[in-house]
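Chemist: what's the 3D shape of this:
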Amino acid sequence: MKKIIHLLTLFVAVVCVSCEKEPSRARLPDVEFRVDFDGQTFEADQVGATILNNVINITGIRGVNNEEVKLTIMNNSEGVYQLGVQNGSMLHIASYNESDNSDNGTWITLTDGVASQGTAIITEIDQIHKTISGNFSFTGNNPSVGNTDNFIREFTNGIFVNVPYSSEVISPPPVINNSFTAMIDDVEFEEDILSGALTSLSGITNINIIATRNGVDSIGLTFPGDIAPGDYDFALGVAPLGQYNIFTPAASHIADGSFTITTHDIPNKRIVGTFSFVAEAFGGGATGSYDITAGSFDVTYE
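Modeler: Sure, this is the predicted structure:
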């Protein structure tokens with residue numbers, strides 16, 4: 001439970017940072033954002049989106065008390081994305097915030113490490129008119145409620161149409177020397193997106209590296225923020241962590257193996273190393289294992 005609450009705190013912090021970057025949201029005649037839950041339809045009267053740093057944020061707000069539904073997609077292109085937050089890793093996310101958090105606060109897509117908690121489909125990014133459209137549905141979870149009838153909320157028939165977005169560029173310039181390689185059962189893992197981020201939660205700072213393929217499968221590495229060059233083993237539950245996440249079918253596999261940090265330039269936020277591990281099934285529905293070898297990374301994190 002402590003891990004989940006920490007994760008909720010991290011998620012809310014990320015949401016707040018992203019909201020600061022979003023434009024002033026004004027309801028336009030041809031803009032629509034709505035979703036059904038609790039026997040009623042949430043229809044936003046304020047909408048907005050950003051596409052920045054390979055992340056899409058789409059937000060709908062209703063009423064003066066800031067009741068909010070938000071989607072965060074860790075990509076910047078049209079496609080189908082499975083939703084969930086697992087084991088401290090930020091994946092594609094959907095959330096619902098009650099009015100002024102007056103009751104039970106935030107309901108988000110928390111996965112058990114096996115099953116997707118919903119789907120968001122980006123059907124169109126209109127780069128001429130700077131609008132984004134698509135649809136979504138998800139299961140919202142709030143562990144702070146406890147095991148009650150209100151523990152889970154189902155959000156269905158969600159759509160967003162012609163939501164204006166703001167961005168400096170759709171695809172930011174690549175950072176020089178950022179690279180990632182790995183073999184999965186002797187087949188090359190060819191990532192489409194590589195990201196590095198420094199996060200701080202409850203006084204604990206971690207470096208998160210995520211390599212994503214086809215917008216769904218990913219290899220994630222989490223290291224302590226002050227890690228020094230040397231040889232290490234992956235742990236379970238706390239950094240250093242390794243994961244291989246699959247969404248077809250939905251499954252998560254946890255690293256049993258080792259890694260080497262060859263360079264960690266803390267002032268310039270650059271980390272270089274190698275890794276290999278057996279990705280063991282984690283969670284009720286995952287089966288089998290994967291050999292991940294010849295792993296290497298050279299990443300400047302933000």
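
Chemist: could you pull up phi and psi at the spatially closest residue to Gln82 that is not a sequence neighbour?
Modeler: Leaving aside its chain neighbours, Gln82 sits nearest to Ser116 (3.9 Å; criterion: Cβ to Cβ, 6 or more residues apart in numbering). In this view, the C-beta of every residue, glycine as well, is placed from N, C-alpha and C. Main-chain torsions, Ser116, degrees, to the nearest 10: phi -60, psi 150.

Chemist: report how many residues lie close to Ser116.
Modeler: Ser116 has 20 neighbours, counted by other Cβ atoms under 10 Å.

Chemist: from what I see, it and Tyr81 are in contact.
Modeler: No. Here Ser116 does not reach Tyr81: they are 9.4 Å apart, not a contact under Cβ atoms under 8 Å.

Chemist: who does Phe223 bridge with?
Modeler: Ile207 (DSSP bridges).

Chemist: residues contacting it?
Modeler: Asn206, Ile207, Ile209, Ala239, Pro240, Ile261, Ile271 (Cβ atoms under 8 Å, 6 or more residues apart in numbering).

Chemist: in strands, which of the residues you listed fall?
Modeler: Asn206, Ile207, Ile209, Ile261, Ile271 (DSSP state E).

Chemist: of those residues - the most surrounded one?
Modeler: Ile271 (25 neighbours).

Chemist: that one bridge partners, please.
Modeler: Under the criterion used (DSSP bridges), Ile271 bridges to His264, Val299.

Chemist: okay, it and His92: tell me how far apart.
Modeler: Per Cβ to Cβ, to the nearest Å, Ile271 is found 24 Å from His92.

Chemist: on that earlier part again, who touches both of Ser116 and Tyr81?
Modeler: What both Ser116 and Tyr81 touch, as defined by Cβ under 8 Å, 6+ apart, is an empty set.

Chemist: give me the mean pLDDT for stretch 69-83.
Modeler: Here stretch 69-83 scores 88 as its mean pLDDT.

Chemist: should've said stretch 128-136
Modeler: Here the average pLDDT along stretch 128-136 is 94.

Chemist: so for it, what gets flagged as buried?
Modeler: Lys130, Thr131, Ile132, Ser133, Gly134, Phe136 (16 or more other Cβ atoms under 10 Å).

Chemist: how about stretch 288-299?
Modeler: Ser289, Tyr290, Ile292, Gly295, Ser296, Phe297, Asp298, Val299.

Chemist: list the contacts of the fifth one.
Modeler: By that I understand Ser296. Ser179, Phe180, Thr181, Ala182, Gly273, Thr274, Phe275.

Chemist: let's see the pLDDT reported for the fourth one.
Modeler: In the predicted model, Ala182 carries a pLDDT score of 96.
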